[in-house]
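Chemist: Let's see this in three dimensions:
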Amino acid sequence: MALDDTDRRRFFLVVVASLLVVPTLWWFDHNGQPTGSDAVPGGASTLDSATGQSNLSSEPTVITRTPIFLDGPMSVVGGISEIAIPNADRLETIITSATFGRLSGANVCLAQNITTGQEITVTNLDNNRSITCRSQLAPATQVHGLMLQTTQFETLADLTDAPIPVQIRL
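Modeler: Numbers count the residues shown, from 1 in each chain. Model (predicted):
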C-alpha cells in the first residue's frame, strides 16, 4: 500500500506530536515525587526494612473499639439463650441429579452409593413430583447420581429437561 502526500503529512504530524506529548506527560507525572531507591512507582506505601514498621497511618482495630450492645430480651437462665432447632428428618435424604435410560426390570433405577434392592422415593426439586423405585447399584462410569427408566422420568419431568435436580429419600 503506497501512501500519497496527504497521508505522509498526517503520519509525520502524528509522530512529531507523539514525540512532544509523551515526554511532557512523563515529566508532569513524575514532577515533585522523590527520586532514588526508596521511591515506589505509583506512590505505593513501603515497609521500612530497617525498623520493620510500615509507613501507613494506623487505623483502630476491632479490639480497641468499644462493643455495641443492642436492646432486646434477656435470658432468665444465667445469660444463656435457648435456641429452638427443628427435629432432624427421620428419613435420610440425598440431593443429586437424575437422568433417564433403558433399564431392564420393572420399577428399577440405578443409584450411586445406595444399597441394592432398597425402595427409594425420588422427588423432582423443580416441580415437587415424586415416584418410588427399587434401587440397583449404579456402575462406576455413571455420571449422574440417579438413572431412571424413561417412563419413570416422564412422570417427574419432560425428557428435554434432563438432567434434573432430585431429592432421594431412603
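Chemist: CA only for contacts and neighbour counts going forward, please
Modeler: OK.
Chemist: longest single helix anywhere in this structure?
Modeler: helix 5-30 (DSSP state H).
Chemist: May I see the buried residues of stretch 153-168?
Modeler: Neighbour counts over stretch 153-168 (16 or more other Cα atoms under 10 Å) mark 153, 156-157, 163-168 as buried.
Chemist: who's in contact with that stretch?
Modeler: 93-100, 120-127, 129-131, 144, 150 (Cα atoms under 8 Å, 6 or more residues apart in numbering).
Chemist: hmm, 7 Å instead?
Modeler: The list of residues contacting stretch 153-168 from outside it, by Cα atoms under 7 Å, 6 or more residues apart in numbering, reads 93-100, 120-125, 129-130.
Chemist: just checking, E154 is part of a helix?
Modeler: Yes: E154 forms part of a helix when assessed by DSSP: H, G, I helix; E, B strand; the rest coil.
Chemist: May I have the secondary structure class of A2?
Modeler: coil.
Chemist: Could you shift the numbering so residue one becomes 147, and keep it that way?
Modeler: In the new numbering, first residue 147, that becomes A148.
Chemist: ok, so of the buried residues of stretch 299-314, who is nearest A148?
Modeler: P309 (60.4 Å; Cα to Cα).
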